[in-house]
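Novice: Any chance you can model this:
(2 chains)
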Protein chains: 2
Amino acid sequence: VCVCVCVYACVWVTVGLVSRGGPPLTPRSPPGRSVQRMMAEKVLTVDTMNSCVKKVEYAVRGPIVLRAVQIEKELKEGVQKPFSEVIKANIGDAHAMGQQPITFFRQVLAMCSYPELLDDDRFPEDAKGRARRILQGCGGQSIGAYSASQGIECVRQDVARYVERRDGGVPSDPDNIYLTTGASDGIVTMLKLLVAGEGRSRTGVMISIPQYPLYSAALAELGAVQVNYFLNEERCWSLDVSELRRALADARRHCNPRALCIINPGNPTGQVQSRQCIEDVIRFAAKERLFLMADEVYQDNVYAEGCEFHSFKKVLFEMGPEFSSTVELASFHSTSKCYMGECGFRGGYMEVVNMDPEVKAQLTKLVSVRLCPPVPGQALMDLVVNPPQPGEPSYSTFIRERKATLSSLAERARLTEQILNTVPGIACNPVQGAMYSFPRVTLPARAIREAERGQAPDMFYCMKLLEETGICLVPGSGFGQRDGTFHFRMTILPPTDKLKILLSKVKDFHQRFIQQYS
Amino acid sequence: VCVCVCVYACVWVTVGLVSRGGPPLTPRSPPGRSVQRMMAEKVLTVDTMNSCVKKVEYAVRGPIVLRAVQIEKELKEGVQKPFSEVIKANIGDAHAMGQQPITFFRQVLAMCSYPELLDDDRFPEDAKGRARRILQGCGGQSIGAYSASQGIECVRQDVARYVERRDGGVPSDPDNIYLTTGASDGIVTMLKLLVAGEGRSRTGVMISIPQYPLYSAALAELGAVQVNYFLNEERCWSLDVSELRRALADARRHCNPRALCIINPGNPTGQVQSRQCIEDVIRFAAKERLFLMADEVYQDNVYAEGCEFHSFKKVLFEMGPEFSSTVELASFHSTSKCYMGECGFRGGYMEVVNMDPEVKAQLTKLVSVRLCPPVPGQALMDLVVNPPQPGEPSYSTFIRERKATLSSLAERARLTEQILNTVPGIACNPVQGAMYSFPRVTLPARAIREAERGQAPDMFYCMKLLEETGICLVPGSGFGQRDGTFHFRMTILPPTDKLKILLSKVKDFHQRFIQQYS
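Specialist: Okay, here's the model as predicted:
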């Protein structure tokens, strides 16, 4: 135990404190700062650097993951551990957990990279057609050329057509589509536009608690005010408009709340919002004049019976012109999740609706400074929104691969919920969608006291789990949670066999932990 | 003329004013704002958005490029013009101008995308070996997995070894290498760390004038103070330390200058700094306690006899421990320039030297929020720093391709300087390196008066050039220049035949322009 705490404390001081619930805290000064004098000679020190950056936290890759990487190295060096490998269930990284890429996507990408392959018999005609079309959209027919800053035009057209199909014919304008470097890039860019004012007029942005920590990190970096609204754990992490109202009223006393962020399907909480809920949220945003940001990167990851994905844009347009012509909305998608899991390509897009044309020109200008999103990611985004069609040679393989991945994920979602709920002291809501479970763990008072000497109790719990079993989860405190409650986020991505082992190890650990601290 | 000015004014109002020389100006309110009432109903308007973003400008993709894209569309629609195509010499986008990718790089990338190709006889063994090595460095052996936020470990090792070879054995630590999304990403991230303070203690950052406008754009967005130092046009755009001293002394009256940015070889000015100059700059930075940022993305683009690329890091270490153990330096490289020209992949790295370990931990934390740089770009960066070696099957083709590109660029650099200098009223310094000429144009007083009704005189000049000839250049005002002087930036990237036509069209236009306004 002692070793683990020591190591953790060390990492913690260096990288920043993972806060519990509310807005991130500033890391304290390191205790044994014996090198103070040397530091003072540097131009750039933690004391003289950007203070907003210091407040940034990102638990998904925080101290626990640094420790996991360290443990992996120790294992390689032959250090004896009670386990033989580290299982990283901390991050939604499907390929890293063994998921295979979609054959069609990778064939097209190979031809885009090395167009000589277009003459190769090994590749089907539909894949060749897609590669040719993408290359024709590129300067000099090379994915090595910069694209337009907003993204390759034919890709934006394909995205718009995809959105129209998805939303039952609601029109989508390619001019409102911006390709991005993963969804994160689009989200940060939109937040950047929204941040203004000082003191009580500073922009506030409403985010769910628990939240995906990109939001809190971006708000900290931009110096915006994080306005927390709590999801209802008792009702399967649903979003209650009454809670939005409470949070907004509180926030208006000290800032200017201007935007409302929704993650649906939910990360880290896995809920899928009902159509009614989305309608209520839109009415609320319209009435309270909030810019809506809909993070819909898990739109294909819906597993639970009776649940269905409804895009904010579709619901907005079904509510009639009173809403569809006024409510400002940006929605985000990505190549990283769903059945593709292509995180490394950093592909994504955002669609803006009802954005002021002058602001849109500013947005276009702003994204031009970074020149363009990575073109291979744009190509991949194109394939996701324009996959093989019935009658094309790659269709059946594509459908088989997609279905296999999604149905296996659905099985793993059920399995995770089911096994975790057999453990006394762990309570897990149904994983309706996305890629994570976010179970609540009841921790003994002694463990809480022991932990609070230096860290959040669920960080203490997860760090012990890592040291004893090699399983890397993220403590709930990294996402925010109601005071006095503790959780962890675990991906459902390990292959079924491995997931079963992992869940049984978590079960055993939890029982040992309870015994030890009771 | 009237049409051109109209169109320009419209774009200008929407996208922002290209300033002349000094720090960027805030765009004025649009004149005929008849839609005021509708705007007022939006949550996000130009009046309520982030005011720092409004100040951002990026001339390389500014109003003139928007107009060029529009003209291309008009040509496609059959509108009659005095030319049949738009030639974009505004941006260093080699593949878009017809440069062919390096075969070896693209073979490896194709195999990384679709590993089934590893069994294909068509690819040489060295390419297969590189692909296998990169894939082994990826989670699940897929470039679709997230990498470590700092970049794939084996790629960082290869970068470090490349830096050591390049710098004659000066050691490089893979832990000091951060892979980035193009060099721009690294530069903005470093600036972000450096920005602190308010009012007179606000961070100032010294940048050359003329500069690459990423710098002014990033400083505007971050709300840092841009501190201009002027390059000496009379001495081939050289950097004089006396001018650094002047600029620093001036700046210290109103801000806290903490960083000095150098672009070598120069963009947009094409100069290659002498070893002596670099040493002087390092002494200056050491004495004045400035964090050095060395933008070295054109390190292979050196053409002029007697010129040689010296990295700041190498010179720093040759100056002995008094400097090499104290001066803080970040240097930047990219896959986008040199002989590769692979802009679309957004690959790059930065190396930090003498960075405070606590700041480094903050940097690592900050980059983790965006998860990782695009993995295909990381793979490409790896190939650039670890290309085919003598004895390997791809070596001779690789060398032939690289040499062909670089010697053709050298020829085009000479040609550009030579032809431009035959035009009375145009004076062009030797293009010693990089990819641009930045000639000075003498404009008649009447043209200056005419232009100043609405725009910078060199913008007026370039816009007329575009409308009359289809040639798209960037006015010097987008990079900054001494008051009363006018320039344009033109890439040397069009293929030699096209470049000759382009230069002769510029010559004819200039003569017509002078006649018209004399």
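
Novice: And the helices in the stretch 151-300 of chain A, which stretches?
Specialist: Along the stretch 151-300 of chain A, the stretches classed as helices by DSSP state H, counting those that start in this stretch are A:153-166, A:182-194, A:214-222, A:241-252, A:275-288.

Novice: what's the average pLDDT for the shortest one?
Specialist: Along helix A:214-222, the predicted confidence averages to a pLDDT of 95.

Novice: one step back: tabulate the helices of the stretch 151-300 of chain A (a markdown table), appending distance to B:Met463.
Specialist: Yep, even glycine has a C-beta here, placed from its N, CA and C like the rest. Shown next, in a markdown table, are the helices of the stretch 151-300 of chain A (distance: least, C-beta to C-beta, whole Å):
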| stretch | distance to B:Met463 |
| --- | --- |
| helix A:153-166 | 24 |
| helix A:182-194 | 28 |
| helix A:214-222 | 35 |
| helix A:241-252 | 47 |
| helix A:275-288 | 42 |
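
Novice: and chain B, which of the ones you listed is closest to it?
Specialist: helix A:214-222 (4.5 Å; C-beta to the nearest C-beta).

Novice: hmm, who's touching the closest one?
Specialist: A:23-24, A:52-53, A:55-58, A:184, A:187-188, A:191-192, A:195, A:205, A:207, A:225-226, A:261, A:480, B:192, B:366, B:369 (C-beta atoms under 8 Å, 6 or more residues apart in numbering or on different chains).

Novice: May I see the PyMOL selection of the buried members of these?
Specialist: Only the buried entries of the contacts of helix A:214-222 go into this PyMOL selection, using 16 or more other C-beta atoms under 10 Å in any protein chain shown:
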select buried, (chain A and resi 24+52+53+55+56+57+58+184+187+188+191+192+195+205+207+225+226+261+480) or (chain B and resi 192+366+369)
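
Novice: sorry, back to before: nearest to B:Arg156, out of the helices of the stretch 151-300 of chain A?
Specialist: With C-beta to C-beta, the closest approach to B:Arg156 among the helices of the stretch 151-300 of chain A belongs to helix A:182-194: 20.8 Å.

Novice: what packs against the closest one?
Specialist: Here helix A:182-194 touches strand A:177-181, strand A:203-209, helix A:214-222, strand A:256-263, strand A:291-295, strand A:329-334, strand A:347-353, helix A:357-368, going by 3 or more C-beta pairs under 8 Å, 6 or more residues apart in numbering or on different chains; DSSP states H and E.

Novice: between these, which one is nearest to B:Lys81?
Specialist: helix A:357-368 (24.8 Å).

Novice: pLDDT on that closest one, on average?
Specialist: On average, helix A:357-368 scores 94.

Novice: anything in it sitting right up against chain B?
Specialist: Yes - counting by C-beta under 8 Å from any C-beta of the partner chain, chain B has neighbours in helix A:357-368: A:357-359, A:361-362, A:364-366, A:368.

Novice: Check those residues for burial and list the buried ones.
Specialist: Buried among the residues of helix A:357-368 next to chain B (16+ other C-beta under 10 Å): A:358-359, A:361-362, A:364-366, A:368.

Novice: can you tell me which residues contact the residue of the stretch 201-350 of chain A found nearest chain B?
Specialist: The minimum distance from the stretch 201-350 of chain A to chain B, using C-beta to the nearest C-beta, falls at A:Gly344 (3.4 Å). Taking C-beta under 8 Å, 6+ apart, we find A:Gly344 in contact with A:95, B:138, B:142-147, B:372, B:374-376.

Novice: now with 6 Å?
Specialist: B:143-145, B:375 (C-beta atoms under 6 Å, 6 or more residues apart in numbering or on different chains).

Novice: Out of the residues you listed, grab the one that's most surrounded.
Specialist: Highest neighbour count within the contacts of A:Gly344, by other C-beta atoms under 10 Å in any protein chain shown: B:Val375, with 33 neighbours.

Novice: Verify the contact between that one and B:Ile143 for me.
Specialist: Yes - counting by C-beta atoms under 6 Å, B:Val375 does reach B:Ile143; the two are 4.4 Å apart.

Novice: Can you read off the backbone torsions of A:Val441?
Specialist: phi -120, psi 130 (degrees, to the nearest 10).

Novice: That one and B:Ile143: what is the separation?
Specialist: Look at A:Val441 and B:Ile143: by C-beta to C-beta, to the nearest Å, they are 36 Å apart.

Novice: From what I see, A:Gly139 and A:Ala145 are in contact.
Specialist: Yes - counting by C-beta under 6 Å, A:Ala145 is a contact partner of A:Gly139 at 3.4 Å.

Novice: what touches both of these two?
Specialist: In contact with both A:Gly139 and A:Ala145: B:Ala96, using C-beta under 6 Å, 6+ apart.

Novice: any idea how far stretch A:244-261 is from the chain center?
Specialist: Distance of stretch A:244-261 from the chain centroid (C-alpha atoms, centre = their mean, to the nearest Å) equals 23 Å.

Novice: Give me the contacts around that stretch.
Specialist: A:194, A:197, A:201-207, A:215, A:225, A:227, A:229, A:284-285, A:290-293, B:43.

Novice: same deal with stretch A:423-432?
Specialist: Identification of contacts with stretch A:423-432 by C-beta under 6 Å, 6+ apart yields A:236-237, A:270-272, A:304, A:307, A:413, A:416-417, A:420-421, A:437, A:439-442, A:507, A:510, A:514.

Novice: Sort out which of those are buried, if you could.
Specialist: Among the contacts of stretch A:423-432, those classed as buried by 16+ other C-beta under 10 Å are A:236-237, A:270-272, A:304, A:307, A:413, A:416-417, A:420, A:437, A:439-441, A:507, A:510, A:514.

Novice: for chain A, what are the low-confidence residue spans?
Specialist: Residues of chain A that meet the criterion pLDDT under 70 lie in A:1-40.

Novice: Let's verify A:Glu411: helix, strand, or coil?
Specialist: Of the three states, A:Glu411 takes helix according to DSSP: H, G, I helix; E, B strand; the rest coil.

Novice: Can you tell me the number of residues neighbouring it?
Specialist: Each residue near A:Glu411 was counted by other C-beta under 10 Å, and the total is 14.

Novice: That one and A:Val431, how far apart?
Specialist: The separation that A:Glu411 has from A:Val431, given C-beta to C-beta, amounts to 11 Å.

Novice: Over to A:Ala379?
Specialist: Noted for A:Ala379: a distance of 31 Å to A:Val431, by C-beta to C-beta.

Novice: And for A:Glu392?
Specialist: A:Glu392 sits 33 Å away from A:Val431, going by C-beta to C-beta.

Novice: Please apply the same query to A:Glu467.
Specialist: Going from A:Glu467 to A:Val431 by C-beta to C-beta gives 27 Å.

Novice: neighbour-wise, which of these two wins?
Specialist: Taking neighbours as other C-beta under 10 Å, A:Glu467 and A:Val431 compare with A:Val431 leading, 31 against 20.

Novice: what secondary structure does the more buried one sit in?
Specialist: coil.

Novice: Which parts of chain A belong to which domain?
Specialist: Under automatic domain parsing, the residue ranges defining each domain of chain A are A:2-98+A:403-517, A:150-373.

Novice: got the residues of the stretch 1-150 of chain A near chain B?
Specialist: Within reach of chain B by C-beta under 6 Å from any C-beta of the partner chain, the stretch 1-150 of chain A has these residues: A:14-15, A:42-46, A:48-50, A:53, A:58, A:61, A:93, A:95-96, A:98, A:101, A:106-107, A:109-110, A:113-114, A:139-140, A:142-146.
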